[in-house]
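> coordinates for the following, if possible.
(one chain, ligands or ions: 1)
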Amino acid sequence: MLIPRVAAIHDLSGFGRCSLTVAIPVLSAMGVQCCPLPTAFLSTHTGGFEGYTFLDLTDEMEKAAAHWKGLGLEFQAVYSGFLGSERQIALVERFLRDFRREDTVVVVDPVMGDEGEVYRTYTPAMCRGMKRLAREADVITPNLTEAALLLDLPYETMPADEEGLRRVVEELSLEGKRSVVLTGFSAAPGSTGALCFDAATGELESIQAPRVEREFCGTGDVFASVLTGALVQGASLGEAARRSVDFVLECARLTAANGRPMREGVDFEPLLGLLTGGRHA
Ligand code: PXL
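Presented below is the predicted three-dimensional model:
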């Protein structure tokens, strides 16, 4: 049995449960091999902490990617998220040129901001770079803030109704060429989930679950990691989004029940068992 292999290009934040500290355990639990290519090492993520350390790993990434190329490694998916510099975005583009094969799924989580705010380390040039990188993706997983940035629209002008958001997702699909999973989409009060456009079928689908009335940190990373794992297991986009929405709901419920602070991310560890038992597990 071939264990699917994913190159995960994200930061490593020591505390706060996001990016690689989510992607590695989630993909492993799903029976998928995660090969991390860390973009930066931070003491914590940048949301809700002061004085975090930030070590840019661009030079190291370049060397590691060259080594992987020399080894002839192949990946069933390349999954990128939080990036630390403009140069790094170009490096991920080069990584795709070197490693993308016919059947490689490229998932770009265009991590740039949330709740209408751009993350502190993201410059306008980096946002332009992310938009360029996202053009190479098979699947993108923006939240509404990132959707606005990708479309060069002010966040305040983004529609709130389903009809308008369907148009946003269609526009993000680049005329049906790439799949889009808009996260944090609420189809009705008390419900939340994702609005998906599947480039394979040309169909739009809303995937919903009950909403836990609290804000959480790192749920985008949990969502995109489960989605990537399910896609390399052969799930359709809709099935993969269903697994992601359901798992994020369980994480949100447990974190709320445990009363944990937002900046610590979600309490996902006791729930990893829900992810085992996929097609290859
Ligand atoms: O969850 C997205 C994310 C990833 N990585 C870092 C972040 C954030 C969000 O704040 O700061 C370092």
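
> only C-alpha atoms from now on, for both contacts and neighbour counts.
OK.

> residue numbers of the stretch 101-250 of the chain in contact with the ligand?
Gly218, Asp221 (C-alpha under 6 Å from any ligand atom).

> if we go to 5 Å?
Gly218 (C-alpha under 5 Å from any ligand atom).

> can you show me the strands along this protein?
5-9, 12-15, 33-36, 40-44, 54-56, 77-80, 105-108, 113-114, 117-118, 139-140, 179-185, 191-198, 203-210 (DSSP state E).

> how about the ones you listed in JSON lines, adding mean neighbour count and distance to Gly220?
JSON lines is the format used below for the strands of the chain (neighbours: other C-alpha atoms under 10 Å; distance: least, C-alpha to C-alpha, whole Å):
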{"stretch": "strand 5-9", "mean neighbour count": "24", "distance to Gly220": "15"}
{"stretch": "strand 12-15", "mean neighbour count": "19", "distance to Gly220": "15"}
{"stretch": "strand 33-36", "mean neighbour count": "20", "distance to Gly220": "18"}
{"stretch": "strand 40-44", "mean neighbour count": "19", "distance to Gly220": "16"}
{"stretch": "strand 54-56", "mean neighbour count": "16", "distance to Gly220": "21"}
{"stretch": "strand 77-80", "mean neighbour count": "26", "distance to Gly220": "12"}
{"stretch": "strand 105-108", "mean neighbour count": "24", "distance to Gly220": "12"}
{"stretch": "strand 113-114", "mean neighbour count": "19", "distance to Gly220": "10"}
{"stretch": "strand 117-118", "mean neighbour count": "14", "distance to Gly220": "15"}
{"stretch": "strand 139-140", "mean neighbour count": "27", "distance to Gly220": "12"}
{"stretch": "strand 179-185", "mean neighbour count": "25", "distance to Gly220": "7"}
{"stretch": "strand 191-198", "mean neighbour count": "24", "distance to Gly220": "11"}
{"stretch": "strand 203-210", "mean neighbour count": "18", "distance to Gly220": "15"}
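
> and the residue of the stretch 101-250 of the chain found nearest the ligand, how far from Thr157?
As assessed by C-alpha to the nearest ligand atom, the ligand sits closest to Gly218 within the stretch 101-250 of the chain, at 4.3 Å. Applying C-alpha to C-alpha, to the nearest Å, the value for Gly218 to Thr157 is 25 Å.

> in terms of neighbours, single out the busier of those two.
Higher neighbour count among Gly218 and Thr157: Gly218, with 20 against 8, using other C-alpha atoms under 10 Å.

> per-residue confidence for that one?
With respect to pLDDT, Gly218 scores 95.

> surely it and Cys18 touch.
Yes. The criterion here is C-alpha atoms under 8 Å, and Gly218 meets it with Cys18 at 4.9 Å.

> now the common contact residues for the two.
Gly265 (C-alpha atoms under 8 Å, 6 or more residues apart in numbering).

> how about the contacts made by Phe49?
By C-alpha under 8 Å, 6+ apart, the neighbours of Phe49 are Arg263.

> alright, calling it a day.
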